[in-house]
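Engineer: I would like the atomic coordinates for the input below:
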Amino acid sequence: MKKPMMYALLLGGFIALQSCGGSTETKTEAPAATAVAKTETAPVQEEPFAAGKKIYMEKCIVCHQANGQGISGAFPSLAGSEFLLTNKVGAIAQTLNGAPGGSTIKGVKYSAPMPFQVDTKEDAVAVINFVLNSFGNKGGTVTLDDAKDIVINPRP
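Structural biologist: Model prediction:
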């Protein structure tokens, strides 16, 4: 009983969309009106690295904080991080596979292990690009090609 109703709704929607398709008349507008219309409908530019920012806000912010400064002795700072800025492929791999034993950066031991944060190379590249260009970092970008040789460890 539900399928015929669903098909009827889909067909009705299709017919409604087709009927709104417009006519074959050619419309002309004054140049000034055209310029205003183009200005009003200009596409809104997406924030650079928006996908990576979304991932950071969902996965990374708890440990590395909103300002990227981390938590002393537990989670390292991402702001000006030598590891991040000089080992971008390693940063992608760490995002994908974590750092189970913690880490030592510039002689400071960070005891908290980092679990994997994302499941895909696309997400890892997106979040690393966000971090490379946030918190005062001017680290450029990475691409999927940079991540091509990274093996994603099996998930528990």
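Engineer: G102 is in contact with Y110, correct?
Structural biologist: Yes - between Y110 and G102 there is a contact at 5.3 Å, judged by CB atoms under 8 Å. (Glycine included, C-beta is placed from N, CA and C.)
Engineer: Pull the contacting residues for the closest residue to E122 other than its chain neighbours.
Structural biologist: Spatially, and ignoring its direct neighbours in sequence, E122 is nearest to L144 (6.7 Å; CB to CB, 6 or more residues apart in numbering). Under the criterion of CB atoms under 8 Å, 6 or more residues apart in numbering, the contact list for L144 reads K121, E122, V125.
Engineer: Looking at Y110 and G102, which has the bigger crowd around it?
Structural biologist: Remark: of Y110 and G102, Y110 carries more neighbours, 20 against 14, as counted by other CB atoms under 10 Å.
Engineer: what sits against that one?
Structural biologist: Neighbours of Y110 in contact, by CB under 8 Å, 6+ apart: G70, G73, A74, F75, P76, G102, S103, T104.
Engineer: ditto for F83
Structural biologist: With contact set as CB under 8 Å, 6+ apart, F83 has these partners: P76, G90, A91, S103, I105.
Engineer: hmm, back to that, and the contacts of Y110, which are buried?
Structural biologist: The neighbour count (16 or more other CB atoms under 10 Å) marks G70, F75, P76, S103 as buried among these.
Engineer: For the last one, give me its contacts.
Structural biologist: If I follow you right, that is S103. Shown in contact with S103 (CB under 8 Å, 6+ apart): P76, F83, K109, Y110, M114.
Engineer: So which of these belong to helices?
Structural biologist: The members of these that map onto helices under DSSP state H are F83.
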